[in-house]
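>>> The following comprises the amino acid sequence and a computationally predicted model.
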Amino acid sequence: MVDQKRLIVAIAISIAILFAFEMLWNQPLREAERARQAELAAQAEREAPRPPAMPGEAPAALGTPAPGASAAPMPATTPASLRVRIDSPDVVGSINLVGAVIDDVTLRRYGVTPDRGSDRVRVLSPRGGPEAYFAQFGWSAVGSGVKVPAPDTVWQTSATVLGPGRPVTLFWDNGEGQRFEIAIGIDEHFLFTVEQRVINGAAATVAVNPWGRIRREYTPETAGFFILHEGLVGVFDGRLTEQTYKAARDEAEKQGGVAFTRDGRGGWAGFSDKYWLGALIPDQAQTTTYTWRVPQENGTPRYQIDFLAGEKQIGPGLRETVRSYLFAGAKEVALLDRYAAQLRVEGLDKAIDWGWFYFLTRPFFWALHWLGELFGNYGVAILIFTLFLKGLFFPLANKSYKAMSKMKLLAPKMQELKEKYKDDPAKLQQEMMALYRREKVNPVSGCLPIILQIPVFFALYKVLFVTIEMRHAPFFGWIRDLSAPDPTNIFTLFGLIPWDPTVIPIFGPFLHLGIWPLIMGATMYFQQKLNPTPPDPVQQKVFMLMPFVFTFMLASFPSGLVIYWSWNNLLSIAQQWLIMRRVAQQQPAPAKT
């Protein structure tokens, strides 16, 4: 009983810590982040007519520096005549011929909201705006003697539209015998193939270093959840490397603007949002130098990930070609896996934050995805998947529920012992343990199913929270997005009162309580009523409070997870009731001693 009391105290303390953490830490951080993002957006708008200089850019000249150097600003807008249109099944946008910049990528299949008329999600945006985010490929001159393209170079193009099976070649002649070409292709989804070519028609050998970069000129607003990484990410030698935007800024301050660097073969790196990814994937066979930079310009941090492909010597009459790839789109699991196999790049799926329970999260995703495709509804998939899990744990749950049923039958006897030895706690504990041994009951066996559900719960939470396949996936009725909380709220009488209680300081996040969390709390309460009543009054009160606490805690969780928990509770109630009824019929109450 002492151990049970300690367990209850530990649970109560954990819940108190979660509440305190939410009210005193997470909420102020989110408010501060919103204010900071608003200020950054306002500052970017003020600076839009004169965008700041960019690393890796310089006027056309001999010995153009590597992609980390500063450069001349570019105009905020570019006329359509200086753009190559991108037209593919999944992507629409354009390429800027001034500087050969891929800076306009919008996703056809993904909306900002679940509404049909919602604006499409834009992944890459032109510089000069408040959310400039783009990719660029070029060359640095090694030594002197070769004139390489500059950021303000206006490229010629072989075609005006880029699409699957319709590549575009951008070309520029430096007037000194060298011709530079950037051949760009795109598949049906989100992968750009980039070939950087140098053709040397001069009499002397030239040396250049091809580079690619992806740059974000603002600090994006992130979800702020510790279970989700949003920021700079890469995989090198099979190892995942991550930096949040704040961590990158802090590291760059210590190292002169460089947050991370790495030399070696293969790998990839980019910027990971919750559902979107912009990433560079160099040729996996070549030695590459990756650098993550955070230059400060006009007091505003800019974020850049770039690679150098290594020095290339090009003799007279020869050419050199370097191939690399750019991913700019949605983090669809099957697509990332396909690209990883196709390009032989390791760990591309780690752009999705699968979490510590990777060994569970991935199989859970594929099971839910298969069921969702089969039944055409991911909510139905969750219900069926829960049935499968219940079947998997059925033998263990049966054993546990039988033990709990016996405990409930022993409740009168336990109460007698408590009354008999109320002045002798040590003797009471001794007699209680003797009773458990005689009746072959384990008092803590009922906790085992709950403990085993914890990794299952978090793995399913991850699937619903981070995979884009679950984004905007509807269920039935008012649930239009299983990855979002239940939109209904009892504190507004489910929409009858026109106010938003969640804006109230500190307590606001707890004043959103939808229908499904209420269903979950009710099922948890009824399931608890089937369990043996703890002999200690304090324990009884704590256990009675648990359904109410979890109802409020899960109100902000994805509705798909709350539906899973509610359905699991209902199945457990049915299973437990049947077992308890059978045990009560088969086993008479223990004789008095």
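Looks like it arrived, so ask away.
>>> correct me, but I519 touches S566?
Yes. I519 is within contact range of S566, at 4.9 Å (criterion: C-beta atoms under 8 Å). Glycine gets a C-beta too; all of them are placed from N, C-alpha and C.
>>> neighbour count winner among the two?
Using other C-beta atoms under 10 Å as the criterion, I519 and S566 rank with S566 on top: 22 against 19.
>>> secondary structure class for that one?
helix (DSSP: H, G, I helix; E, B strand; the rest coil).
>>> which residues does it contact?
W516, I519, M520, T523 (C-beta atoms under 8 Å, 6 or more residues apart in numbering).
>>> Of these, grab the buried ones for PyMOL.
Command for PyMOL that selects the buried part of the contacts of S566, burial taken from 16 or more other C-beta atoms under 10 Å:
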select buried, resi 516+519+520+523
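>>> With pLDDT added, can I get the contacts of S566 in a markdown table?
Below are these laid out as a markdown table (pLDDT from 0 to 100):
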| residue | pLDDT |
| --- | --- |
| W516 | 92 |
| I519 | 93 |
| M520 | 91 |
| T523 | 92 |
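>>> Helices of the protein, residue ranges please.
2-21, 27-47, 245-254, 333-343, 358-375, 378-392, 394-409, 411-420, 425-439, 447-466, 515-530, 537-553, 559-586 (DSSP state H).
>>> okay, the angle between the last one and helix 447-466?
Pointing back at helix 559-586 there. 160 degrees (axes from the mean of the first three to the mean of the last three C-alpha atoms, to 10 degrees).
>>> do the fifth one as well
Helix 358-375 runs at 70 degrees relative to helix 447-466, counting by the same axes, to 10 degrees.
>>> for K390, what are its contacts?
By C-beta under 8 Å, 6+ apart, the neighbours of K390 are A397, N568, L571, S572, Q575.
>>> Which residue, neighbours along the chain excluded, lies closest to the fourth one?
Among residues not flanking S572 along the chain, Q527 sits closest, at 5.6 Å (C-beta to C-beta, 6 or more residues apart in numbering).
>>> Show the pLDDT at the one you found.
With respect to pLDDT, Q527 scores 83.
>>> neighbours around it, how many?
Neighbour tally, Q527, other C-beta under 10 Å: 19.
>>> Identify the residues contacting it.
Q527 touches N569, S572, I573, Q576, counting by C-beta under 8 Å, 6+ apart.
>>> can you check T157 too?
Here T157 is in contact with V84, L97, V168, T169, L170, F171 (criterion: C-beta under 8 Å, 6+ apart).
>>> repeat for L170
Counted by C-beta under 8 Å, 6+ apart, L170 has contacts V84, I95, L97, A100, W155, Q156, T157, S158, E181, I182, A183, I184.
>>> Tell me how many other residues surround the fourth one.
Right, the one you point to is A100. 25.
>>> now do the last one
For I184, the tally of surrounding residues (other C-beta under 10 Å) stands at 21.
>>> The second one too?
Counted with other C-beta under 10 Å, the neighbours of I95 add up to 26.
>>> State the distance from the nearest residue to it once chain neighbours are set aside to L409.
Excluding the flanking residues, the one nearest I95 by C-beta to C-beta, 6+ apart is V84, at 4.3 Å. V84 sits 78 Å away from L409, going by C-beta to C-beta, to the nearest Å.
>>> Equivalent analysis for G270, please.
Counting by C-beta to C-beta - G270 and L409 are separated by 60 Å.
>>> hang on, the earlier thing: could you check the pLDDT of the residue nearest to I95?
96.
>>> Likewise for K246?
94.
>>> Make 739 the starting number, not 1.
OK, 739 is where the count begins now, so the last one is K984.
>>> just checking, I920 touches V932?
Yes. Counting by C-beta under 8 Å, I920 touches V932, with 6.5 Å between them.
>>> joint contacts of these two?
F875.
>>> So what's the residue count around Q1313?
Quick note: Q1313 (other C-beta under 10 Å) scores 15 neighbours.
>>> Enumerate every residue touching it.
K1128, F1132, A1135, N1136, Y1139.
>>> average pLDDT for stretch 1282-1299?
84.
>>> Mind listing what's buried along that stretch?
1284-1285, 1287-1299.
>>> Looking at the contacts of L908, spot the one nearest R1209.
I833 (27.7 Å; C-beta to C-beta).
>>> quick one: the closest one and D825 touch, right?
No. Applying C-beta under 8 Å as the test, I833 and D825 come out as separate, 11.6 Å apart.
>>> Quickly list what's touching both of these two.
L900.
>>> per-residue pLDDT, G1055?
G1055 is given a pLDDT of 92.
>>> Same check on G1246?
66.
>>> contacting residues for T1027?
T999, R1000, D1001, F1045, L1046, G1048.
>>> If we only consider those, which is nearest to K1069?
So of the contacts of T1027, ranked by how close each gets to K1069 (C-beta to C-beta), first place is F1045, at 20.8 Å.
>>> Check the spacing between the closest one and P1296 real quick.
From F1045 to P1296 the distance is 36 Å (C-beta to C-beta).
>>> Counting neighbours, what do you get for L1081?
L1081, neighbours per other C-beta under 10 Å, totals 20.
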